[in-house]
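Visitor: predicted coordinates and the sequence they were generated for:
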2 protein chains.
Amino acid sequence: MQNFTFHNPTRIIFGRGGIARLGPEAAGAGKKALLVYGGGSVKKNGVYEAISASLAENGITVTEHPGVKPNPVLGHVRAGVEKAKTNKCEMILAAGGGSVIDEAKAIAAGAAYDGDVWDFFTGKAGIKEALPVFTVLTLPATGSEMNSGCVITNESLKQKFSAGSPRLFPRVSILDPGTTMTLPEKQTVYGAVDALSHLTEGYFSASDKDAVVTDEVVQALARSIIASTGRILKDPGDYNARASMMWSATLSLNGLQSLGYGGISFAGHAIEHSLSALYDIAHGAGLAIILPALFKHQLEKDGSGRLEKFGGAVFGAGSAGKTIEAFERWFKKIGAPIRLQEAGIPAADIPKIAENAMELITLWGINYDRKTVEEILTKAA
Amino acid sequence: MQNFTFHNPTRIIFGRGGIARLGPEAAGAGKKALLVYGGGSVKKNGVYEAISASLAENGITVTEHPGVKPNPVLGHVRAGVEKAKTNKCEMILAAGGGSVIDEAKAIAAGAAYDGDVWDFFTGKAGIKEALPVFTVLTLPATGSEMNSGCVITNESLKQKFSAGSPRLFPRVSILDPGTTMTLPEKQTVYGAVDALSHLTEGYFSASDKDAVVTDEVVQALARSIIASTGRILKDPGDYNARASMMWSATLSLNGLQSLGYGGISFAGHAIEHSLSALYDIAHGAGLAIILPALFKHQLEKDGSGRLEKFGGAVFGAGSAGKTIEAFERWFKKIGAPIRLQEAGIPAADIPKIAENAMELITLWGINYDRKTVEEILTKAA
């Protein structure tokens, strides 16, 4: 078990009616907020109204920044930074899923910086200051509501890059599972795949494989995600399943899921980011395609017994091969694609995808060459 | 799954060599510290030396407050408060196990209060301010290093009461599993029992029994504690097992272990506190005696399936009765007593113990009358 530092200062307000507490919590940060949201689903499910009421009651005025895309783009982030600066916003509020929260974090950092916000994603600059971020989560998936990272796509360079800083931990995140009851099934499913991927990528790439407590926590959260997804698909109105899914997804990338593992890598994410950058497919769909192929690749090179351990604990699978099969079977069962072709991506594009992925693979310090990435993608064809 | 708020701001520095980081972390809080420790084991295992070196390097001077007892007593807390006030200490440092940390927290609150520190334990006053607390943990057990509570015994009134406040979260806790390698076997064992009790008391008393994610987390931590204890008893020098035990114990009472359960009660702790207050036995020993009896009692009145679920997931037990047997078998296997007589407590004392326990049962709002407590104790005879 390797050394680690763990510090997660985000305050979580979880449960029914939590949005009413946004105003009182945010009031401590000032009177002027930038409200970031997406395509307007928050206006249909009552979230926008509840937020507006709570802010108004607490004397907080809002500049709106709607229109965040599922893979949030730099141009829109820059526009948000500009609005935040022009309107002298003292805080950034996010209402939506991981994309909205990621964009809100990027704006929060950009608004406290004189240069271009993309500098933080290329490594040209570090995030030293950021406006406080408050979130109202409506889609369990990315864990962004309780971590310090964000992912933004540079639409002109076709680069989907990440940035992070302790300054980006949301000050408060409000998680009301009630807001997820009307999610389209695909979003529920892709959110579950994303959360599971955060657990498994760390578990399988851990450089230290004797961290019993973290292995147990990862396996526990994976079981919770799988059980909760099953219940939700059967009954979308199952509040307790929605609640377990929401909290499981948060815990799956708030830091706890890799403590003591030492170095871990997110090779699956690095490769998937190219799929969603190049083809604009859902992140969760891309992950369901990449992960079994990646784990097959890791299995061929690695006799560590990790796949057997995970598969036994989570799927009741008896071998590494059976574990891969169980992943694929579960992804198919919940309606996620597991091959490139199912997402309309021709095998002929593999060299192009691999070339694109190498930028992030290199930036994240993952020890794969282009040939290896092509091999993994070929297994997903 | 019930609503909850979760906010745990303690920074954890985990692993070998962590003590060297105490000075730099503490320097932000001032230049004068009260250093609280126990019977001097920290002077034998190098912890005291490492702390002193790190503090000196960072210009922090220390007033010493040694001699904390395993069940820390009010008189010693009051003496510590006096020292902290007299010497104008700006922070409290704890070096030891849960007792030392609990006393350090009580002193931190008392030093920022004009009245008597016991007021916080009787509910006469709330903790509004406290000096910052930094801890170096040397015994995994209570979770005090990452929570906001503390337990102190009023030696003249024979009352073992608790107090808590968000102000009492340690600012930084340093967990170096290397410091636990030379622990006497009994302390390892009783620590494991204590940590397991924090998990199980919540799990079995949960008023909401459909929080899948928290059930999974609790079961995972219980498995980790049991597996780690087994490895440590076989090889006390097994660093990774020591590390998993240490982090498991912290996670077992840092809040995560009961999220969404709604009301939970610590009836086992309430009753056990009377055993350690009246007979000065180890807290973990008292818990091993009380818990199976308590769970038997809960099993007789409750058809919820909780024992079956926990037993199946943790012990591979097939029924509620088999789960109780598995608890008792595990406690015996690791060398903990499971009956009052084994700790030298005669069955004739049960009425006296029950009478003493009723104070805490009442203070904590647990819905047991004296007859019920006597019934539970009788099952432990």
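Guide: Arrived safely, thanks for sending.

Visitor: check what pLDDT A:H273 gets.
Guide: Per-residue pLDDT puts A:H273 at 89.

Visitor: A:M358 is in contact with that one, correct?
Guide: No - in this structure, A:H273 is not within contact of A:M358 by CB atoms under 8 Å, at 11.6 Å. For glycine as for every other residue, the C-beta is placed from the backbone atoms N, C-alpha and C.

Visitor: ok, those two, which is more surrounded?
Guide: Neighbour count, other CB atoms under 10 Å in any protein chain shown: between A:H273 and A:M358, A:H273 has more, with 27 against 18.

Visitor: now do the SS call for the nearest residue to that one once chain neighbours are set aside.
Guide: Closest residue to A:H273 apart from its sequence neighbours, by CB to CB, 6 or more residues apart in numbering or on different chains: A:K160 at 3.9 Å. Three-state assignment for A:K160 (DSSP: H, G, I helix; E, B strand; the rest coil): strand.

Visitor: report all helices and strands that the top helix by length along chain A contacts.
Guide: Longest helix in chain A by number of residues, with DSSP state H as the criterion: helix A:212-234. Using 3 or more CB pairs under 8 Å, 6 or more residues apart in numbering or on different chains; DSSP states H and E as the contact test, the elements touching helix A:212-234 are helix A:185-205, helix A:239-251, helix A:306-314, helix A:320-334, helix B:212-234, helix B:239-251.

Visitor: next, the angle helix A:185-205 makes with it.
Guide: If you take axes from the mean of the first three to the mean of the last three CA atoms, to 10 degrees, helix A:212-234 sits at 160 degrees to helix A:185-205.

Visitor: chain neighbours aside, what residue packs nearest to A:E49?
Guide: A:K43 (7.8 Å).

Visitor: then A:Q298?
Guide: Closest to A:Q298 by CB to CB, 6+ apart is A:F204, at 5.7 Å.

Visitor: what's near enough to touch the one you found?
Guide: With contact set as CB atoms under 8 Å, 6 or more residues apart in numbering or on different chains, A:F204 has these partners: A:295, A:298, A:306-307, A:310.

Visitor: for the residues you listed, give me JSON lines that also has distance to A:T362, pLDDT and neighbour count.
Guide: Shown next, in JSON lines, are the contacts of A:F204 (distance: CB to CB, whole Å; pLDDT from 0 to 100; neighbours: other CB atoms under 10 Å in any protein chain shown):
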{"residue": "A:F295", "distance to A:T362": "22", "pLDDT": "94", "neighbour count": "26"}
{"residue": "A:Q298", "distance to A:T362": "19", "pLDDT": "84", "neighbour count": "19"}
{"residue": "A:R306", "distance to A:T362": "25", "pLDDT": "93", "neighbour count": "21"}
{"residue": "A:L307", "distance to A:T362": "27", "pLDDT": "94", "neighbour count": "25"}
{"residue": "A:F310", "distance to A:T362": "28", "pLDDT": "96", "neighbour count": "24"}
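
Visitor: now the residue nearest the centre of chain A: how far from A:T135?
Guide: Of all residues in chain A, the one closest to the mean position by CA atoms, centre = their mean is A:T142, 2.2 Å from it. Per CB to CB, to the nearest Å, A:T142 is found 11 Å from A:T135.

Visitor: pull up the overlap in contacts between the two.
Guide: With CB under 8 Å, 6+ apart as the test, A:T142 and A:T135 both reach A:I101.

Visitor: next, give phi and psi for A:V36.
Guide: Dihedral pair for A:V36: phi -100, psi 130, per degrees, to the nearest 10.

Visitor: hmm, A:M91 and it touching each other?
Guide: No - counting by CB under 8 Å, A:V36 stays clear of A:M91, with 10.9 Å between them.

Visitor: neighbour-wise, which of those two wins?
Guide: A:V36 (34 against 24).

Visitor: that one: what's it in contact with?
Guide: So A:V36 contacts A:65-66, A:68, A:80, A:92-96, A:100, A:103-104, A:107 (CB under 8 Å, 6+ apart).

Visitor: spell out which residues of the stretch 51-200 of chain A are next to chain B.
Guide: Within reach of chain B by CB under 8 Å from any CB of the partner chain, the stretch 51-200 of chain A has these residues: A:P177.

Visitor: ok so, going back, give me the beta-bridge partners of the residue nearest to A:H273?
Guide: Counting by DSSP bridges, A:K160 is bridged to A:T153.

Visitor: ok so, going back, can you mark which positions in the longest helix of chain A are buried?
Guide: Buried residues in helix A:212-234, counted by 16 or more other CB atoms under 10 Å in any protein chain shown: A:212-229, A:231-233.
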